[in-house]
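Participant: okay, here's the prediction I keep looking at, along with the sequence it came from:
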Amino acid sequence: MSNYPASFRYTKEHEWVLVEGDTGTVGITDHAQSELGDIVYVDLPQVGSTMAQGETFGSVESVKAVSDLYAPVSGDVTAINDALAKAPEKLNSDPHGEAWLVKVKLTHPDEIQHLLSAEEYQSYIEG
Amino acid sequence: MRYLPKSDSERLEMLKACGLSSLDDLVAHLPPEVLQKQALELPPGQSEYEIMDYFRARGERMADGYASFLGGGVYRHFRPVLADVVVSRSEFLTSYTPYQAEISQGTLMTIFEFQTMICQLTGMEVANASMYDGSTAVPEAALMAARITRRERILVARGVHPEYRDVLKSSVKYQDLPVVEFGFDPESGEIDLADLASKLDDTVAAVIIQSPNYFGVVENTKAAAALAHQHGALLVSVFTEAVSLGLLTPPAEADIVAGELQSFAISPSYGGPFAGVIATKMAHIRQMPGRIVGQTTDLNGNRAFCLTLSTREQHIRREKATSNICTNQALIALMATVFMAVYGKQGLRELTSQNLAKAHYLAEGLDRRFSGPFFNEFVVRCGSPEALNTALLGEKIIGGIPLGRYYPELADCMLLCATEMSRRDEMDTLKRACASQSEGMLANSRV
Amino acid sequence: MVSKVTSHLSQNEPLLFERSSPGKKGYQLPSLDVPAVDPVSALGAENVRGEVAGFPEVSEVETIRHFTRLSTWNYAIDLGLYPLGSCTMKYNPRVNEAAARVDGLAWGHPYQPESLAQGAMEIMAVLERYLAEITGMDAVTLQPAAGAHGEFTGILLMRACLEARGDARASILVPDSSHGTNPATARMCGYEVVNVKSTSRGLVDMEHFRGLLNPSVAGIMITNPNTLGLFEENITEITRLLHENGSLVYMDGANMNALAGISRPGDFGVDVMHLNLHKTFSTPHGGGGPGAGPVAVKRLLEPYLPAPRIVQEDGTYRYNYDLPESIGKVRAFYGNFGVFVRALAYILAHGSGLRNATLDALLNANYLRAGIEAHYTLPYQDRSLHEVVFSDSIQAKNGVKTGDIAKRLIDYGFHPYTTSFPLIVPGAMMIEPTETEGKQELDFFIEAMASIAREARENPELVLNAPHSTRVRRVDEVTAARKPIVRWEASS
C-alpha cells in the first residue's frame, strides 16, 4: 500500500502540495506516476510565472501519453525542479520527495481547504 | 478483377460464414436514402497494357526531348539508378509507418541515417524523418519558432521562394501569427539588412531567409542570425537546392533549418511528391513537428531503433499537438538517403563543382541582374522573358522562369538554372538566343 | 566474436557511417565539358565549407547490399496481411509504379510551359473529375500533400465560406471516436473543439449532438463510416440539422474504402471532404509516405479552392490563377503529382467495377469478425463495414493487453492490427483487412487470433514476451524517449 504523507494536501487530479509558511511545494502522487508508467519528460512553467488553482501549469509524459498538471494552489512560481529535465525517472521512484515539481509563493493560502487530506485522497483513489 | 484475389465460390462460402447470402446484404443495413442508385460513371476497367498506353500517351504530351534551364525550387539532376532500385523493394514500398519497431528496423535504420546526414549537411543537431515538402516545412518552422519564443510575429524575406511564402501565409492565417515581408538589396539580391533591422522588435518569433535565395544568391546567414538573435528572435534558414549544401557553408548559426530535398535523386515529377525536412538544435527537439527515430536497445541489449518523442504528435495530443502532420514522405526521403550514400563525401563535392562550373559558364556574357554570389541559379535581364522563351522553344529549349508574376520590378528578368545535366552546346544556344534578343531590342529601341 | 551471427536472409548490417572508409565511392559523373570554377573565388571563402564531416564513403556494391539487407528487416504488404485498422493497407499495383515513371511525366518540371504540360494537366483534370464522381461532390483540388493536410485545407475552405457570410463562428464539433488529426486540424484553423459523445452502439449521440448546436458552431468533422467501422445511420439527419444551423459538414474520407461505389458523401449532405489516395486509391504507403489528400467540395465552396485551378478551353488545359476568393496555396506547385498518376491508374484498372472492390472489402471485414468473435469481446455489435474493432477485455483479465496480442501476431507472420484506437474502446484492437486479401490468408489470420486467445488463457507469459521470432526483441522505447539519440556520431 502506498504511503501518502499526512502533511500533504491532494487534488482529484493527483497532484499534492506541501505548505510551509507562505510557500507551497507541488508534485504528483504515487498513484499518478504508477498510472502513467515510465515517465520520460516533464514540462514545467518558468520561474516568475503564476499559476491558478485548478488550471494547468505543465504536463508529464510517458512514452505514449501526456497528462496535464493541474495547480493545487494559486501562486507565483519561485523554483522549479531542474533535476527532472535530466532524470525524469525520479518521478517514478520518488514522487513525494526528490521529484517535487515546483515551489510557489501562495497568493490564496486559504485555497488548501478545498483540497483532500491524505485519508480522503486514499479513499478517493481506492473508490 | 485482377486485384481481387477471390473466386465467386469463395465469396459465397465467406458470405455464408457471415450469415449472409449475397454481397448486397453487406450494405442492406444502410439507410436506403444513402445508397447509390446508379453505377459510377467511370469507363470499364482496363488491362495494365491499356493503362500503360494511356500514361505513355500523356507522357508524350510533355517536354521529353527538350533541354531545360528551369530551377526555382525544382532541379534537374542525374538520378542514380540505385535510388529507384531501393525504393522498389516491396519491403520499403509496401510497408506502413514503422510503429511496430520489431518488424520495421529496415525503415527505422534508414531514417536514422537520413536524420544523421541531414544534420551533417546543415550543421544542426537533430532532423525529423521528413515533412511533405519544402513549402509546407516553412510554416511548420514558423509555428515551431512561435512556440519556442512564445512570440507572435514572423518576418520573411522576399528572397524566399514566392510559392513557399504563399503557403506560409495561408497556413498560419488563423494562428495569430502575422507574417511581414522584408526586402532584398536591388544591387546584390541579398536580403536588405537595413529593412530587416527596421522591422525587427521583441515581438518577432522568427526571421525566415532562404539560401541560396530564389534569385540563386547566397545569403549572409551569419549577419541575419546575429540581427535576429539581437532581438531574441530565431533564424529560420530555408533551402530549396539541397545539392548546394555540399559546397556552401552550412547555416549553423540558424536555429531552425527547413528545406526541400528534391535535388537528391527525387524526380521532378511535375512538382511532387518531394520530401521536406526540418532540422534544429537539440534544445528545441520537443517543439519540432514530425516523426523522429531514435536509437535504443532491445530486450537482449542489442542496438535497435524506434520512433520516439511521439507525444508531440496528433494521435496522442490531439488538439494540443505540435502539428496535425501524420503522413510524411518516408519513401521519398529514402531516395534522398540512397542518393547521399551513393554520392557520399567525395561525390557530393564533385557534383557541386560541376553545378558551379556549368552555371558560371552559362552566366558568362549574360546580363546578370544581381551581383551577389551564386551557386547554380541566377537572374538575367533579357527584355521580354516571354519572347525569349518562345524563341527558345523553337530550338527545343525551355528557357528560364519569368519573374514578373511575383516580382513586378523584375518583369524584364528570368531565373536561369544550370546543373550537371546542362550540356555546353545547349547553353551556347541559349546564350546566342539571349544575345540576339537583346540586339533585337536594341534595334527596336533605335526605331 | 564472429560478426556473421545470423542467417543470410537477416544478415547483420552496420550503419552506413560504420561501413565507410576514406576514398571509397559509389558514383561516377560524366567529365565536365566547361571550364572548372574555383569555389572560393566564385563564392568567397566565407561561403565555402570544408568536407562534410562524417558523410558516408561507401561503394556501389556495399550501398545496394546495405539497403537490400535493411529491407529484409521490414514487414510489408507483399509479405502478407497488414490489418492496420483505419490505414487501408491494400495491395499496391505495380503497373501504377511503372506509369509514374513514364519519362515525360517523371521529368516534368512544374514550371514548364502549359503547352508542354498538357499530358500532366489532363491527368489531373481527369482524376479531379473521377474523384468528384466517386464522392458525389462538385469540384476537387489535388493540392494537399496528405490526409491531414487535406483536412486542414478543407477546414480553411469552410472558414473562408463562413467568413464571406460574415461570421467565421467559433467551434467545430468532433465525435469522440475521431482520428487525432481532426481536433488538431480544427485548432490549427482557429476553432475550439467540442467533443460529441457516442452512444452505446458507437454512433453519434443524437441527443447530445442536438444540444450542442448553436450559432457559434462552424461545422462538424465527421468520419463516416466512423472509426468503429460503423455507418452513421443518422447521417442525413445530422447534415440537415447542421445546415439548418448555418453550419457546414466536413467528412474525413479516411474510410472511403467502405463507400466507393456504394454511397456518395455528396448525396448525404457533406459539403467538403478529403480523400487519402494512399488508402482508398492504393498508392503505396512507403513506410510512412508519400500520400496525397485531395479535397472535394460542393459548389458553394468552390470559389475558395487553392490556386491555381485547371480549366479546359477548346480542348486545351490551362491554369487559372485569377481566383480572388481563393484561400491561397497550401503547397507549392500542384500537389503530389506522382501519387495522382498512381491513383488514376488504379481507378482506370477498376473503372466502374470499383463497387466490387468495396464489397469485397466489406466481406473480408465481416468474415474476419465472424471468425474472431468467439474469442474476443466485440463492444459494438452493429454490422461492420470495412473494419471491425474488438476489445482485449477477456484477455486483460490475465494481464494480456491489446499491445501484447499485437506483438504476438508478429510471431504468427502478420503485421499487428491498430492498437488502442479508437480511444472510446478500452484496449481496442482495430482490424481492417481490405479487399486485396484472399480467403486463405484470412483463414490463417483467424487461426492465429484464436490461437493467441488460447495462449492468453493458458500461457500468458508467452504472449507478454512476444515477439519471439524477430531479429530484435521488444524495444526499449522509454530510454529512447528519456535520453534521445537521434543521430550517429563518430564517438558513439
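Facilitator: It's in.
Participant: which SS state does B:F305 fall under?
Facilitator: The three-state assignment at B:F305 reads strand, by DSSP: H, G, I helix; E, B strand; the rest coil.
Participant: how close does the residue most central in space within chain A sit to chain C?
Facilitator: Central residue of chain A (C-alpha atoms, centre = their mean): A:G27, 2.3 Å from the mean position. With distances taken as C-beta to the nearest C-beta, to the nearest Å, A:G27 is found 19 Å from chain C. For glycine as for every other residue, the C-beta is placed from the backbone atoms N, C-alpha and C.
Participant: equivalent analysis for A:K105, please.
Facilitator: On the measure of C-beta to the nearest C-beta, A:K105 and chain C end up 31 Å apart.
Participant: for that residue, give the beta-bridge partners.
Facilitator: A:T23, A:D76 (DSSP bridges).
Participant: where does chain C get nearest to chain A, residue-wise?
Facilitator: C:A481 (3.8 Å; C-beta to the nearest C-beta).
Participant: and that residue, what is it in contact with?
Facilitator: C:A481 makes contacts with A:V40, A:Y41, A:E61, A:V63, B:G294, B:T308, B:L309, B:T311, as judged by C-beta atoms under 8 Å, 6 or more residues apart in numbering or on different chains.
Participant: which elements pack onto the longest helix belonging to chain B?
Facilitator: The longest helix of chain B (DSSP state H) is helix B:330-363. With contacts taken as 3 or more C-beta pairs under 8 Å, 6 or more residues apart in numbering or on different chains; DSSP states H and E, helix B:330-363 sits against helix B:81-87, helix B:90-93, helix B:105-122, strand B:377-381, strand B:413-417, helix B:424-446, helix C:39-43, helix C:60-71.
Participant: quick check: angle from it to helix B:105-122?
Facilitator: 30 degrees (axes from the mean of the first three to the mean of the last three C-alpha atoms, to 10 degrees).
Participant: could you check the angle helix B:330-363 makes with strand B:377-381?
Facilitator: 40 degrees.
Participant: that older thread, now the residue of chain C closest to chain A: which helix or strand?
Facilitator: helix C:477-482 (DSSP states H and E).
Participant: mind saving the C-alpha coords of that helix as PDB?
Facilitator: Extracted C-alpha coordinates of helix C:477-482, given in PDB (Å, rounded to 0.1, in the frame of the first residue of the first chain):
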ATOM      1  CA  GLU C 477      11.100   3.000 -26.000                       C
ATOM      2  CA  VAL C 478      11.400   4.500 -22.500                       C
ATOM      3  CA  THR C 479      15.100   5.000 -22.700                       C
ATOM      4  CA  ALA C 480      14.800   6.200 -26.300                       C
ATOM      5  CA  ALA C 481      12.500   9.000 -25.100                       C
ATOM      6  CA  ARG C 482      14.300   9.800 -21.900                       C
END
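Participant: near residue 71, how many residues? Count them for me, please.
Facilitator: Here I'm looking at chain A. Neighbours of A:A71 under the rule other C-beta atoms under 10 Å in any protein chain shown: 26.
Participant: if you could check chain C rather than the one you did, that'd help
Facilitator: That count, for C:S71 with other C-beta under 10 Å as the rule, works out to 21.
Participant: that one contacts B:G106, correct?
Facilitator: Yes. Assessed by C-beta atoms under 8 Å, C:S71 is found in contact with B:G106 at 5.1 Å.
Participant: phi and psi next, for the residue nearest to A:G27 when sequence neighbours are not counted.
Facilitator: For A:G27, ignoring the flanking residues on the chain, the nearest one in space by C-beta to C-beta, 6 or more residues apart in numbering or on different chains is A:W100 at 4.5 Å. With angles defined as degrees, to the nearest 10, A:W100 sits at phi -60, psi 160.
Participant: what's the separation between A:W100 and A:E15?
Facilitator: According to C-beta to C-beta, to the nearest Å, A:W100 and A:E15 sit 11 Å apart.
Participant: between these two, what contacts are shared?
Facilitator: Joint contacts of A:W100 and A:E15 (C-beta under 8 Å, 6+ apart) are A:V26, A:G27.
Participant: poorly predicted segments of chain B, please.
Facilitator: B:314-322, B:441-447 (pLDDT under 70).
Participant: please name whichever of the helices and strands packed on helix B:330-363 is nearest to A:Q113.
Facilitator: A:Q113 lies closest to helix B:105-122 among the helices and strands packed on helix B:330-363, at 51.8 Å (C-beta to C-beta).
Participant: now that closest one - C-alpha only, PDB.
Facilitator: Provided in PDB are the C-alpha atoms of helix B:105-122 (Å, rounded to 0.1, in the frame of the first residue of the first chain):
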ATOM      1  CA  GLN B 105      14.000  -2.000 -38.300                       C
ATOM      2  CA  GLY B 106      14.800  -1.500 -42.000                       C
ATOM      3  CA  THR B 107      12.800   1.600 -42.400                       C
ATOM      4  CA  LEU B 108      13.800   2.900 -38.900                       C
ATOM      5  CA  MET B 109      17.500   2.500 -39.600                       C
ATOM      6  CA  THR B 110      17.400   4.200 -42.900                       C
ATOM      7  CA  ILE B 111      15.500   7.100 -41.300                       C
ATOM      8  CA  PHE B 112      18.200   7.300 -38.600                       C
ATOM      9  CA  GLU B 113      20.800   7.500 -41.300                       C
ATOM     10  CA  PHE B 114      18.800  10.200 -43.100                       C
ATOM     11  CA  GLN B 115      18.500  12.300 -39.900                       C
ATOM     12  CA  THR B 116      22.200  11.900 -39.400                       C
ATOM     13  CA  MET B 117      23.200  13.000 -42.900                       C
ATOM     14  CA  ILE B 118      20.800  16.000 -42.800                       C
ATOM     15  CA  CYS B 119      22.500  17.100 -39.600                       C
ATOM     16  CA  GLN B 120      25.900  16.700 -41.100                       C
ATOM     17  CA  LEU B 121      24.900  18.800 -44.100                       C
ATOM     18  CA  THR B 122      23.100  21.500 -42.200                       C
END
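Participant: so does the helix or strand just after that helix get close to chain A?
Facilitator: Note on helix B:105-122: by DSSP H and E, the next helix or strand toward the C-terminus is strand B:126-127. No. Using C-beta under 8 Å from any C-beta of the partner chain, strand B:126-127 never reaches chain A; the gap is at least 15.1 Å.
Participant: just checking: what are the partner strands of strand B:126-127?
Facilitator: strand B:276-280 (antiparallel).
Participant: what sits up against the partner strand?
Facilitator: By C-beta under 8 Å, 6+ apart, the list of residues contacting strand B:276-280 reads B:118-119, B:122, B:124-128, B:130-137, B:140-141, B:144, B:255-261, B:288-290, B:329, B:333.
Participant: quick check, the next helix or strand after it touching chain C?
Facilitator: Following strand B:276-280 in sequence order, the next helix or strand is strand B:292-297 (DSSP H and E). Yes. On the criterion C-beta under 8 Å from any C-beta, strand B:292-297 is in touch with chain C at B:I292, B:V293, B:G294, B:Q295, B:T296, B:T297.
Participant: top of those residues by neighbour count?
Facilitator: Going by other C-beta under 10 Å, B:V293 tops the residues of strand B:292-297 next to chain C with 29 neighbours.
Participant: does it really touch C:W488, like I thought?
Facilitator: No. Using C-beta under 8 Å, B:V293 is not in contact with C:W488, being 11.3 Å away.
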